[in-house]
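Participant: what's the 3D shape of this:
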Amino acid sequence: MRSDSLVNGDSFRAPPLFKIATLVFVSVTFFYFGKHWSDGYQQLIFFQSTSQAPTVSLSPNYNKHFNSSTLIPQNDTQTLPDKTLNLDPTPSPLLAPNPPPPSDSVQRFGIVDENGTMSDQFEVGDLDPEYVENRGNSTEVDNGKGGSRSFRIKKFALCPQNMSEYIPCLDNVDAISKLESVEKGEKFERHCPVAGGGFNCLIPPPKGYQTPIPWPRSRDQVWFSNVPHTRLVEDKGGQNWITRDKDKFKFPGGGTQFIHGADEYLDHISKMIPDIAFGHHTRVVLDIGCGVASFGAYLLSRNVITMSIAPKDVHENQIQFALERGVPAMVAAFATHRLLYPSQAFDLIHCSRCRINWTRDDGILLLELNRMLRAGGYFAWAAQPVYKHEEVLEEQWEEMLNLTTRLCWEFVKKDGYIAIWQKPLNNSCYLNRQAETKPPLCDQDDDPDRVWNVDLKTCISRLPEDGYGATVTVWPERLYTPPGRLQTIQYDAYISRNELFKAESKYWNEIIDSYVRAFHWKTFRLRNVMDMRAGFGGFAAALIDLKLDCWVLNVVPVSGPNTLPVIYDRGLIGVMHDWCEPFDTYPRTYDLLHAAGLFSVERKRCNISTIMLEMDRMLRPGGRVYIRDSVAVMDELQGIGKAMGWHVNVRDTSEGPHASYKIMMADKLLTRA
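Facilitator: Residues are numbered from 1 along each chain as shown. I've put the predicted structure just below:
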């Protein structure tokens with residue numbers, strides 16, 4: 001009976017079984033054709049419904065075209081998990097206050113935890129054996145058809161060990177040997193290698209290099225192995241500058257003219273001139289011939305930031321000691337060119353036995369000091385002519401009094417080792433001098449803020465007739481107050497400058513606040529910081545506002561508007577620089593390098609790899625780099641960073657995956673031959 005029913009087709013009387021088989025067949029068929037059809041087209045719009053209201057969201061790859069060959073690194077081929085380029089499949093809302101959460105597909109290197117935040121738990125001495133064994137050289141950039149750029153990156157080799165303290169523009173022996181004269185200090189100025197003649201390798205650390213002692217302990221002691229030089233100990237040991245104790249250098253806080261300590265010396269100055277008011281009226285100071293920078297180190301606790309400068313002379317490592325301690329410092333010399341600081345930059349300028357002949361060549365060096373001294377600011381001079389009664393020294397004192405009188409400086413007081421003068425608030429005294437009095441006022445068209453490769457001049461820099469520079473508010477209010485000199489900057493916006501100033505400050509405050517929370521910046525060993533494209537100084541102001549215990553050197557590139565006067569009027573420090581040339585600092589002197597929009601500008605002027613190599617030279621092992629720049633340069637930056645042995649992580653900005661900017665975060669580990 002069963003067989004008869006089968007023959008007669010009775011089995012088809014079971015419709016559920018047939019329907020199920022048919023549904024499975026149709027489903028598989030449509031799935032295959034649908035997948036095949038969609039592979040050649042942009043991804044679809046996805047609809048989703050929530051309990052509140054239906055919404056529509058776009059795929060991250062909607063309306064985007066990718067060339068898969070550009071997504072595979074030249075040297076290391078890896079399989080991508082899907083077609084989304086490691087972007088978060090859920091786009092962040094526009095203008096989200098915090099960086100988006102990390103995608104699970106982000107490649108990690110042991111310095112990024114499961115939350116995507118940078119970890120501080122790694123040893124600076126860890127080596128990458130594969131990197132050490134496979135180092136080559138250089139970055140090659142080719143211009144393809146249609147102006148497109150392609151690049152091939154090899155891993156950079158280590159430089160010779162004798163370059164461990166190499167400063168390219170100050171150690172150019174060939175250029176220095178060809179100078180016609182060195183009697184005015186020309187050999188201490190910048191003499192950069194010609195284009196293509198610089199270094200093309202990674203500067204090695206000295207043998208035995210260790211993670212620097214963190215601030216504030218570093219103010220008083222550093223590792224001997226990090227700055228292994230004893231010349232200063234031998235020459236200045238009796239003056240309480242520096243001593244060696246086994247594996248450390250220690251800094252008792254003294255100086256040639258204040259062997260009993262910087263604190264007592266600063267108290268002495270405060271009693272002499274109460275109006276100096278450290279941390280209130282006086283916020284920004286220049287210390288010339290700073291030694292190991294104890295003067296500036298002890299002013300930090302009084303809310304004063306000091307630019308400590310000295311040449312790379314017979315005591316060539318004094319600036320290196322200062323930076324190792326965590327004190328603001330730069331290699332610089334009074335010689336034949338203007339220093340790279342703006343006019344009216346410093347509230348107080350200090351010279352304690354700085355070995356500068358201020359009256360030579362009609363006072364040309366004191367005139368440069370006068371240019372940088374703020375209207376109403378003070379000059380403190382501690383030197384033998386002030387207090388010793390020897391014929392030659394008394395003659396030098398009279399020459400100094402005569403010159404400062406012709407500069408219209410008011411001699412305020414002399415007490416013990418120190419003499420103090422005050423600069424006038426306006427030009428009235430200069431204009432009322434007798435005819436033919438020298439030095440004359442500079443011409444009306446002389447710009448006292450033009451400093452890059454400008455010769456010194458034997459004339460008095462004019463003060464602005466509108467009082468700009470002399471009218472800054474007291475600290476800390478001046479950090480947030482748009483200064484008058486903001487209106488003098490050669491900038492595109494002419495009406496809304498105050499609004500731009502405030503907007504920049506708010507922008508960086510929000511960005512750094514997100515970094516502090518998302519990337520745990522307050523747990524970093526963060527002390528010496530450089531902002532490579534500083535604008536109005538909003539990045540540095542945000543670090544102060546959020547109470548990060550560090551200092552920032554604000555660098556204003558020559559390729560943009562000169563905003564340095566605004567930076568100093570805010571109570572910050574900075575310098576002018578051309579990033580197509582090396583920077584005047586020792587290797588391994590900064591914990592953090594920050595660059596926002598720098599490379600998309602400078603790539604038009606110079607090779608990106610030369611700037612990146614310079615960053616590696618300046619960066620301490622264990623230091624970090626944060627680069628915010630356009631997507632167009634990010635692949636190249638990432639490739640160069642990896643070629644230098646950095647651990648690199650590229651993330652979206654808070655604007656989300658479709659923004660034209662991204663963030664590259666990198667860590668530098670210690671490499672040895």
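Participant: What backbone torsions are found at the residue nearest the centre of the chain?
Facilitator: Centroid check for the chain by C-alpha atoms, centre = their mean gives Met530 as the closest residue, at 1.8 Å. Backbone torsions for Met530, taken as degrees, to the nearest 10, come to phi -120, psi 130.
Participant: what residue ranges in the stretch 201-350 of the chain are flagged as low confidence?
Facilitator: Scanning the stretch 201-350 of the chain for pLDDT under 70 picks out the ranges 236-238, 316.
Participant: now the strands for it?
Facilitator: Along the stretch 201-350 of the chain, counting by DSSP state E, counting those that start in this stretch, strands occupy 221-223, 243-245, 248-250, 284-288, 305-310, 329-331, 346-352.
Participant: Identify the residues contacting the residue nearest to the centre of the chain.
Facilitator: By C-beta atoms under 8 Å, 6 or more residues apart in numbering, the contact set of Met530 is Val552, Leu553, Val555, Tyr590, Leu592, Leu593, His594, Met618. From N, CA and C alone the C-beta is placed, and that goes for glycine too.
Participant: Same check on Asn317?
Facilitator: With C-beta under 8 Å, 6+ apart, Asn317 has these contacts: Glu165, Val227, His229, Arg231, Leu232, Tyr586.
Participant: That one and Ala470, how far apart?
Facilitator: 38 Å (C-beta to C-beta, to the nearest Å).
Participant: Let's see stretch 474-493 as CSV, backbone CA atoms only.
Facilitator: As requested, the backbone C-alpha atoms of stretch 474-493 are provided in CSV (Å, rounded to 0.1, in the frame of the first residue of the first chain):
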residue,chain,number,x,y,z
VAL,A,474,49.3,90.1,35.2
TRP,A,475,49.7,86.4,35.4
PRO,A,476,47.7,84.2,35.2
GLU,A,477,45.0,86.5,33.6
ARG,A,478,47.3,87.2,30.7
LEU,A,479,47.1,83.5,29.6
TYR,A,480,43.5,84.0,28.6
THR,A,481,43.4,87.7,27.6
PRO,A,482,43.8,88.5,23.8
PRO,A,483,46.8,90.9,23.8
GLY,A,484,47.0,94.1,21.9
ARG,A,485,49.7,92.8,19.6
LEU,A,486,47.2,90.2,18.2
GLN,A,487,46.1,93.0,15.9
THR,A,488,49.6,93.4,14.4
ILE,A,489,50.0,89.8,13.2
GLN,A,490,50.0,89.4,9.4
TYR,A,491,47.0,87.1,9.4
ASP,A,492,44.1,86.5,7.0
ALA,A,493,41.4,87.5,9.5
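Participant: one step back: figure out which of the strands of the stretch 201-350 of the chain is closest to Ala643.
Facilitator: Ala643 lies closest to strand 329-331 among the strands of the stretch 201-350 of the chain, at 28.2 Å (C-beta to C-beta).
Participant: Show me the shaky parts of the protein.
Facilitator: 1-24, 26-152, 236-238, 316, 493-495, 672-673.
Participant: now for the strand ranked longest in it, which elements pack on it?
Facilitator: Assignment by DSSP state E gives strand 619-630 as the longest strand of the chain. Under the contact criterion of 3 or more C-beta pairs under 8 Å, 6 or more residues apart in numbering; DSSP states H and E, strand 619-630 touches strand 590-596, helix 599-602, helix 631-643, strand 661-667.
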